[in-house]
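**Q** Coordinates for the following, if possible.
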Amino acid sequence: MNKFYWFILAAFAAMQLSPVVIMPLLMALGYEGTMEQMSGLSISIGFTIGFIVISLLAWKAGSVPALREGRADIPTTILWSVIGIFLAFAAQYAAALIETFAFGIEPGSENTEMIVDMAMAAPFTIVVVSVLGPVVEEIVFRMVIFGALFKRFGFWIAALSSGFIFAIIHFDFEHLLVYLAMGVVFAWLYVKTKRIIVPIIAHVGINSFVMLVQVIFGEQLQDLMEQMEEMEQSLQFILGGLFL
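**A** Alright, predicted model coming up:
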């Protein structure tokens, strides 16, 4: 494996552990804030540094040798980037249905709820989750891990292995299947186009949608749902009165 790929993996590990160092440093410097604010700021600092380092290393490393030939042209790349967002949503939805009906797992993720809380307390976390995180994760899990396994073991073993590691790293074991399904879709997009930018855009798209719905427009949607519930109750009351 390319030596730069090992550097990328080391930088990713350091990035994941960075809040453990940054948070006490913020406290020592006298930063005052809630736990969510401090966590969000720590993650934002660590992941921004990690994004810069890993992006530079990926540029130095170049593309995966087994995925260099037959790269998609620009129009095809744009097309599959857009299609990829919908494929990722479909995979996520299908996996969630299987979890619900086959295993009795309720929808909703504690990991997502925790990220939303941090994003609301420290707004720059939205950029980290929506853009920086997906870029780094696709470089690590698709370009490096999947790319290293693909040449030796073929698509399915490489996609499932890298997808499983992708799922584990999110520490949301109850929804392992959802992360695994998305990981396989991202790997397929990479092989289909031979361009890492395609799964990156798909990943950015799905994360950005979640942030838009749950953070930026979360309060408005909650108010709308409450209004709809009130209208439903009023309608039930009126209809009930008509049939007395």
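
**Q** any low-confidence regions in this protein?
**A** 108, 216-244 (pLDDT under 70).

**Q** Could you rerun that using 80?
**A** 1-2, 66, 106-113, 116, 172, 214-244 (pLDDT under 80).

**Q** What are the boundaries of the helices in it?
**A** 3-28, 35-61, 74-103, 110-121, 125-127, 133-137, 147-153, 155-168, 176-193, 197-211, 218-242 (DSSP state H).

**Q** Is it possible to get TSV of the ones you listed that adds distance to Leu67 and mean neighbour count?
**A** Quick note: C-beta positions are derived from backbone N, CA and C, even for glycine. Below are the helices of the chain laid out as TSV (distance: least, CB to CB, whole Å; neighbours: other CB atoms under 10 Å):
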stretch	distance to Leu67	mean neighbour count
helix 3-28	13	16
helix 35-61	13	19
helix 74-103	14	15
helix 110-121	30	18
helix 125-127	29	22
helix 133-137	17	22
helix 147-153	6	17
helix 155-168	11	18
helix 176-193	7	23
helix 197-211	11	22
helix 218-242	38	10
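
**Q** So Thr125 versus Ser39, what's the distance?
**A** Using CB to CB, to the nearest Å, we find Thr125 at a distance of 9 Å from Ser39.

**Q** do Ala148 as well
**A** Ala148 is 32 Å from Ser39, by CB to CB.

**Q** Same check on Arg68?
**A** 40 Å.

**Q** Kindly report the same for Gly163.
**A** Distance from Gly163 to Ser39, by CB to CB: 27 Å.

**Q** Equivalent analysis for Ala202, please.
**A** Taken as CB to CB, the span from Ala202 to Ser39 is 27 Å.

**Q** repeat for Leu67
**A** 36 Å.

**Q** can you check Leu56 too?
**A** 26 Å.

**Q** What of Ile45?
**A** 11 Å.

**Q** Next: Ala167.
**A** 22 Å.

**Q** Same question for Ile145.
**A** Ile145 is 27 Å from Ser39, by CB to CB.

**Q** before we move on, what about Ala187?
**A** 30 Å.

**Q** Also Leu17?
**A** Taking CB to CB as the measure, Leu17 and Ser39 are separated by 14 Å.

**Q** before we move on, what about Ile200?
**A** Distance from Ile200 to Ser39, by CB to CB: 25 Å.

**Q** next one: Leu9
**A** According to CB to CB, Leu9 and Ser39 sit 24 Å apart.

**Q** cool, and Ile197?
**A** On the measure of CB to CB, Ile197 and Ser39 end up 30 Å apart.

**Q** likewise Glu138?
**A** Counting by CB to CB - Glu138 and Ser39 are separated by 24 Å.

**Q** Need the nearest residue in space to Pro19, chain neighbours excluded.
**A** Ser42 (3.9 Å; CB to CB, 6 or more residues apart in numbering).
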